[in-house]
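**Student:** No sequence on hand, only this structure:
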């Protein structure tokens, strides 16, 4: 392939689950002998994800989130029409002279100036959209630029059909070069933990797994629904797994609703530990791509209560493998919880049905599948 390789460009936070797909793929491709580099925004050098990339011999550019005053003045004097990210990425691409650039973002829209930079320099590129939100549409001028830019990508990868269709609606164009791929889940494909203690003898253990950020993950909807009088006398406990920029807000809401004794903030815990003690995944999200927590819960034989956003409806069968509610609201989540409670004797069977279904849909090794797709793109150039 000569000495030209692949450059991955990410604008996501280092702890976002959306970074798993591209970063694991990059590491696998590098181990296969392909030259791989990456440019990321503001990742701490000590983070395990950085160390994993560096251990795979990936040249990593970490773009600062804030520049020293002198550098800001220099940028204003000479590059005021370009963002700092564009200046850094352009410098990196000039150094690497890549054969292929891959953009990975949580929304489907990478910074338009970075895509147009590749177009202007005739650098082949692909995009990975790890999520989308019906509340966030690009304004007209940007939508037109994305219409043109996405059409010139080698591939536009999405993690769910719903995200793909929403993006096409937002830009008013069918993407003939689009493809849906699976993200990497963080549990062995064949892991099957035993069902926790009987629901009839112990309290119902609910797990809400995800970044503590209600504008996307909707923890407030679940907490308000559980604070209703219908749930005050029932035996239940909610375990919140994950961290995020709004943990303090969620903690204050728990206290405000009088739920302090019934909600545990468990932080980051491995998947096996979560599903050794919990019966149900509660996922009250306002927006999603295809959440890893959903796939992992189903692999572990646990039923799901989820809002009908993103790709959730593509894998959850309402009434058979879990409970699909939507659109996201306190009322709809409360109705879903009531259905769950009324069917609590069937939850184990629903979990088994979900485990069977997800293994029919998801590949055992999504990263290897995706890495093969990227390698083929490179070979075709």
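**Tutor:** That came through, no problem. Since the model is a prediction, treat every value here as computed from it, not as a measurement.
**Student:** what bits of this structure have low per-residue confidence?
**Tutor:** 1-3, 66-82, 200 (pLDDT under 70).
**Student:** now with 50?
**Tutor:** Low-confidence segments of the chain, defined by pLDDT under 50, span residues 1-2, 73-74, 76-78.
**Student:** tell me the domain ranges of it?
**Tutor:** According to the domain assignment given by automatic domain parsing, the chain is divided into the following structural domains: 6-185+364-380, 204-361.
**Student:** So which of those is nearest residue 192?
**Tutor:** Among the domains of the chain, the nearest to residue 192 by CB to CB is domain 204-361 (6.0 Å). (Glycine included, C-beta is placed from N, CA and C.)
**Student:** circling back: to residue 195, which of the domains of the chain lies closest?
**Tutor:** Of all the domains of the chain, domain 204-361 sits nearest to residue 195, with 4.9 Å by CB to CB.
**Student:** Ends of the closest one, what's the gap?
**Tutor:** Its start and end residues considered, domain 204-361 measures 28 Å (CA to CA, to the nearest Å).
**Student:** try stretch 181-190
**Tutor:** Using CA to CA, the distance between the terminal residues of stretch 181-190 is 20 Å.
**Student:** in that stretch, what's buried?
**Tutor:** Of the residues in stretch 181-190, those buried by neighbour count under the rule 16 or more other CB atoms under 10 Å are 181-185, 187.
**Student:** Secondary structure and distance to residue 372 for the residues you listed - can I get that in CSV?
**Tutor:** Supplementary listing: the buried residues of stretch 181-190 in CSV, determined by DSSP: H, G, I helix; E, B strand; the rest coil; distance: CB to CB, whole Å:
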residue, secondary structure, distance to residue 372
181, coil, 11
182, coil, 13
183, coil, 15
184, coil, 14
185, coil, 18
187, coil, 22
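**Student:** which residues in the stretch 151-300 of the chain form strands?
**Tutor:** Assigned by DSSP state E, counting those that start in this stretch, the stretch 151-300 of the chain shows strands spanning 155-158, 178-180, 204-209, 236-241, 263-267, 280-283.
**Student:** Deepest-packed of those, please.
**Tutor:** Highest mean neighbour count among those (mean count of other CB atoms under 10 Å): strand 280-283, with a mean of 27.
**Student:** Okay, now the sheet partners of it, with direction.
**Tutor:** With DSSP bridges as the test, strand 280-283 is paired with strand 204-209 (parallel), strand 304-307 (parallel).
**Student:** Tell me which of those strands sits nearest to residue 271.
**Tutor:** Within the strands paired with strand 280-283, the stretch nearest residue 271 is strand 204-209; the backing value is 8.5 Å (CB to CB).
**Student:** which residues are in contact with the closest one?
**Tutor:** 196, 217, 219, 222, 234-242, 274-275, 277-284, 293, 296-297, 302, 341, 344 (CB atoms under 8 Å, 6 or more residues apart in numbering).
**Student:** repeat that with 6 Å
**Tutor:** By CB atoms under 6 Å, 6 or more residues apart in numbering, the residues outside strand 204-209 that reach it are 222, 236-241, 274, 277-282, 293.
**Student:** For those, name the two members farthest from one another.
**Tutor:** Of all pairs drawn from the contacts of strand 204-209, the one with the largest separation by CB to CB is 236 and 293; the distance is 19.1 Å.
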